[in-house]
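Colleague: My questions concern the predicted model and sequence given below.
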Amino acid sequence: MNALPTGAAPLQQDARTIGLIGLAHGTSHFFHMLLPPMFPVLIKEFGLSYSQLGLAVSLFFIISGVGQACAGFLVDRVGARPVLLAALFSFVAAALAAATAHSYAGLMLAAALAGLGNAPFHPVDFTILNKRVSAPRLGHAFSVHGISGNLGWALAPLLLGGITAATGNWRWAYAGAALYAAIVLLLMLWGRQAIDDRLGQWAAEPVKPAPSAAGAAPARPEHAMAFLKLPSVWLCFSFFFWTTVALSSIQSFASPALQSLYGLPLAYTSLVVTGYMLCGAVGMVMGGFLVARVERLEKIIAANLLLSALLLLLVGSQVLGGLAALAITALAGLGIGLAGPSRDMLIKRAAPPGATGRVYGTVYSGLDLGFALAAPLLGRMMDGGHAAGIFGVAAAALVVGVASAAWVGRGIAARKSALAVA
């Protein structure tokens, strides 16, 4: 990691980097939702089934997950900025492919291009934030990063559905998505110095490593794959996988599950994901302040995720009224959001020097795997009439995630103690 100058960078400089990366991350989450909000339109247009379109979404996350693990190596080798620009270009191509699709194959191409574009975002984003944002503001940077993702999820159905309703033509909606990605790409080019991870914070030239002491033998470089031997990397991967299973449960199936369990109309239950994401965004703002004040971050993660798990179990128990169940489900997002910045900082502490991109790429591929595997299994649960199980699965997944984070925190604490003794 590049050496940072003493003190904090000017607020304007940090804010520009945080804002640009937040915008880029929101765009990646927007393209998670390139197809799902348009499912009814695409089914009618092409005579497809939900299973076929679900396969397109799985293709997105499979390509994104595999690509994310590989992208971390590319980021560490060539830098994060060029990879970010290429990813945004891939989003433009994905939206244009969807706009011009005349068959199922065209939609699959759009899903593949969107997955390819999404793949590098977490290693890119966190490499730039860790290298460009001064330490006192890093927790807030992680908060903005998480909030922007939630807002990207919320924007996609509004933009795609709004343009389709206004024009009567779904192809114009995807043309609008292409224009949106192109504008973001131009903004990244405009602010390219603020997202250049190859520069020190106040440096005009790339920071060079300090020369070794006279007579000291040069350190033997580690193999590029050496970080994979660290248990903390796979525990972080496990954490992301299980918490994403919980997210997929709510994002994809909370609405129909609440309809089934409480008899609520779609007009009400359709609001639950929006409420969950908004509560998550509020939690992330609050969580950014907690990161700077608490040393054992796994304790923040455990307290908030366990609270969310209890709330979801309460909803699944059917002891609440319908509107109360809807509100409690949305409120569970607050605990997830509060844990978010601590989660990202915990991964930073677990990453060995010089492997930031590789670690984030590997760890965050657990998110893609969670989405790819959870949706079809949870869909079968709903088809089998086990709506209450949706909330049970989400709660259980959060508990397993807490255990993974606890093991990571213990390892970091043990490593610090060993260094202090030495």
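Modeller: Yep, it's here. Numbering: from 1, shown residues only.
Colleague: after the helix or strand bottoming out on mean pLDDT in the chain comes which helix or strand?
Modeller: Least confident helix or strand of the chain, by mean pLDDT, DSSP states H and E, is helix 266-269 with a mean of 71. Later in the chain than helix 266-269, the nearest helix or strand by DSSP states H and E is helix 272-291.
Colleague: Contact partners for Met108?
Modeller: By CB atoms under 8 Å, 6 or more residues apart in numbering, Met108 lies in contact with 56, 59. From N, CA and C alone the C-beta is placed, and that goes for glycine too.
Colleague: name the element it belongs to?
Modeller: Counting by DSSP H and E, Met108 is part of helix 104-118.
Colleague: What is the following helix or strand past that helix packed up against?
Modeller: Later in the chain than helix 104-118, the nearest helix or strand by DSSP H and E is helix 121-132. In terms of contacts (3 or more CB pairs under 8 Å, 6 or more residues apart in numbering; DSSP states H and E), helix 121-132 is packed against helix 11-32, helix 50-78, helix 80-99, helix 138-167, helix 322-350, helix 356-383.
Colleague: Adding distance to Ala178 and mean pLDDT, write those out as CSV.
Modeller: CSV is the format used below for the helices and strands packed on helix 121-132 (distance: least, CB to CB, whole Å; pLDDT from 0 to 100):
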stretch, distance to Ala178, mean pLDDT
helix 11-32, 11, 91
helix 50-78, 17, 81
helix 80-99, 4, 96
helix 138-167, 12, 84
helix 322-350, 30, 80
helix 356-383, 23, 75
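Colleague: Could you point out which of the ones you listed sits nearest Trp234?
Modeller: The closest of those to Trp234 is helix 356-383. By CB to CB, the value is 8.4 Å.
Colleague: what separates the closest one from the chain centre, distance-wise?
Modeller: 11 Å (CA atoms, centre = their mean, to the nearest Å).
Colleague: again with stretch 249-258
Modeller: On CA atoms, centre = their mean, the centre of stretch 249-258 falls 19 Å from that of its chain.
Colleague: now do stretch 85-101
Modeller: Centroid separation between stretch 85-101 and its chain, computed with CA atoms, centre = their mean, is 20 Å.
Colleague: swap in stretch 124-131?
Modeller: That offset, for stretch 124-131, works out to 14 Å (CA atoms, centre = their mean).
Colleague: cool, stretch 328-337 as well?
Modeller: When distances are taken as CA atoms, centre = their mean, stretch 328-337 is centred 17 Å away from the chain's centroid.
Colleague: what residues does it touch?
Modeller: Identification of contacts with stretch 328-337 by CB under 8 Å, 6+ apart yields 146, 150, 243, 246-247, 250, 254, 258, 271-272, 275-287, 304-305, 307-308, 311-312, 314-315, 320, 391.
Colleague: Quick one: buried ones out of the residues you listed?
Modeller: Among the contacts of stretch 328-337, those buried by neighbour count (16 or more other CB atoms under 10 Å) are 146, 150, 243, 246-247, 250, 254, 258, 271-272, 275-285, 287, 304-305, 307-308, 311-312, 314-315, 320, 391.
Colleague: burial of the spatially closest residue to Gly385 that is not a sequence neighbour, as a residue count?
Modeller: Spatial nearest neighbour of Gly385, chain neighbours left out: Ser260 (7.8 Å); criterion: CB to CB, 6 or more residues apart in numbering. Using other CB atoms under 10 Å, Ser260 is surrounded by 17 other residues.
Colleague: How about the one 3 residues further on?
Modeller: A count of neighbours around Gly263, defined by other CB under 10 Å, yields 8.
Colleague: Go ahead and confirm it touches Ala325.
Modeller: No: proximity of Gly263 to Ala325 does not meet the contact threshold set by CB atoms under 8 Å, at 10.7 Å.
Colleague: give me phi/psi at the residue nearest to Gly385?
Modeller: Backbone torsions for Ser260, taken as degrees, to the nearest 10, come to phi -70, psi -40.
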